[in-house]
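> Generate a structure from the sequence data that follows.
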Amino acid sequence: MVKKRDLTTPISEEVITGVIDQGCEFEGKLCFRGSVRINGLFKGEIYTPDTLIIGDKGRVLGDVEAGSVIITGEFSGTMKAKNRVEIHKPAIFKGNIFTPSLSVDEGVLFEGKSKVSHHQLSQNQ
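Below is the predicted model of the structure:
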């Protein structure tokens, strides 16, 4: 039986404004508004006041500062989210999270530290 994911904002309802798809690799600094889905390999820094989605096939290695992050793929680095972070199976998370709201599904591999503060984080924090 497949368990239905209860996302705060369902991925299917997100308006995707950009994609780094499977088979693509990107290294550097990515700044955007809207929602970007990564299903390829990304190494570097990501900055957005909006939503980053790391898909099942996505790998992000580096630092992220975002409004919200939804992960079903792999992340390694430091993540700061102003609103929330959702980590769903089969995700692999290695690193540190700073956010006012964190959701981690059973079955996720989580190695690192999390700091959940009810005070919103500034994008420069």
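
> secondary structure element for the residue nearest to the spatial centre of the chain?
Geometric centre of the chain, nearest residue: residue 69, 3.5 Å, by CA atoms, centre = their mean. In the assignment (DSSP states H and E), residue 69 maps to strand 59-71.

> Please tell me how far that strand is from the chain's geometric centre.
Here strand 59-71 is found 4 Å from its chain centre; the criterion is CA atoms, centre = their mean, to the nearest Å.

> Can you tell me how far the residue nearest to the centre of the chain is from residue 116?
14 Å (CB to CB, to the nearest Å). C-beta here means a position set from N, CA and C on the backbone, and glycine is covered the same way.

> Let's see the strand holding residue 69 as PDB, backbone CA atoms only.
Provided in PDB are the C-alpha atoms of strand 59-71 (Å, rounded to 0.1, in the frame of the first residue of the first chain):
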ATOM      1  CA  ARG A  59      21.000  15.800  -5.500                       C
ATOM      2  CA  VAL A  60      21.900  19.100  -4.000                       C
ATOM      3  CA  LEU A  61      25.400  19.600  -2.500                       C
ATOM      4  CA  GLY A  62      26.000  23.000  -0.900                       C
ATOM      5  CA  ASP A  63      24.200  25.700   1.000                       C
ATOM      6  CA  VAL A  64      20.500  26.700   0.600                       C
ATOM      7  CA  GLU A  65      18.700  29.800   1.900                       C
ATOM      8  CA  ALA A  66      15.000  29.600   0.900                       C
ATOM      9  CA  GLY A  67      11.500  30.400   1.900                       C
ATOM     10  CA  SER A  68      10.400  26.800   1.900                       C
ATOM     11  CA  VAL A  69      12.100  23.500   0.900                       C
ATOM     12  CA  ILE A  70      10.500  20.200   0.000                       C
ATOM     13  CA  ILE A  71      12.900  17.200  -0.300                       C
END
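
> next helix or strand past it?
Later in the chain than strand 59-71, the nearest helix or strand by DSSP H and E is strand 74-87.

> rewinding a little: counting neighbours, which bits of the strand holding residue 69 end up buried?
Counting neighbours by 16 or more other CB atoms under 10 Å, one finds that the buried residues in strand 59-71 are 59, 60, 62, 63, 64, 65, 66, 67, 68, 69, 70, 71.
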